[in-house]
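A.B. asks: following is a predicted model, sequence given first.
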Amino acid sequence: MAEITGITEKIAQTARDAAYVAVGLGVIGFQKAQVRRHELAGRIGLSTTDLAHQVDEARTQVAGRVKEIDEIVESAIARIEERVEPFEDRLPDQAREIVKQVHVQAREVRSQLRRRLTGTAA
């Protein structure tokens, strides 16, 4: 019986040691996972900041190009209107009124388009 008791104690001790080892390995694995999570979060945070900066730069460049194009288009429209204006004066009153309404609508459309592209009031 003493032998059985000794064997039982050894089995119990081995089981306890195995449980401690399993818990220890679990804690080490959890700590490694935490470290990797922090490293990954740091990388993603840095990348997100870089990406946001690049997007802001791109927006600024696009806004500048839109402004340049808008100025060119406005200049072209002004020249066309100058050349068409003498013919408008010869139109009957009703047709002349329609042409004025078209001009007003065209200005409004350009203004709305400009606001949408630049995000500002024109």
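C.D. replies: Sure thing, it's come through. Residues are numbered from 1 along each chain as shown.
A.B. asks: show me the shaky parts of this structure.
C.D. replies: Residue ranges of the chain with pLDDT under 70: 1-2, 46-47, 118-122.
A.B. asks: let's see that with 90 instead.
C.D. replies: Along the chain, the parts satisfying pLDDT under 90 run over 1-26, 29, 34, 37-56, 58-122.
A.B. asks: where do the helices sit along it?
C.D. replies: 2-89, 93-118 (DSSP state H).
A.B. asks: can you put these in CSV and add mean neighbour count?
C.D. replies: (Glycine included, C-beta is placed from N, CA and C.) Shown next, in CSV, are the helices of the chain (neighbours: other C-beta atoms under 10 Å):
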stretch, mean neighbour count
helix 2-89, 10
helix 93-118, 12
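A.B. asks: roughly how far does residue 15 sit from residue 24?
C.D. replies: 15 Å (C-beta to C-beta, to the nearest Å).
A.B. asks: oh sorry, the question was meant for residue 54
C.D. replies: Residue 54 is 45 Å from residue 24, by C-beta to C-beta.
A.B. asks: also residue 43?
C.D. replies: The value you get for residue 43 to residue 24, if C-beta to C-beta is used, is 29 Å.
A.B. asks: again with residue 102
C.D. replies: 82 Å.
A.B. asks: can you check residue 35 too?
C.D. replies: Residue 35 is 17 Å from residue 24, by C-beta to C-beta.
A.B. asks: before we move on, what about residue 103?
C.D. replies: 82 Å.
A.B. asks: again with residue 72
C.D. replies: Residue 72 is 72 Å from residue 24, by C-beta to C-beta.
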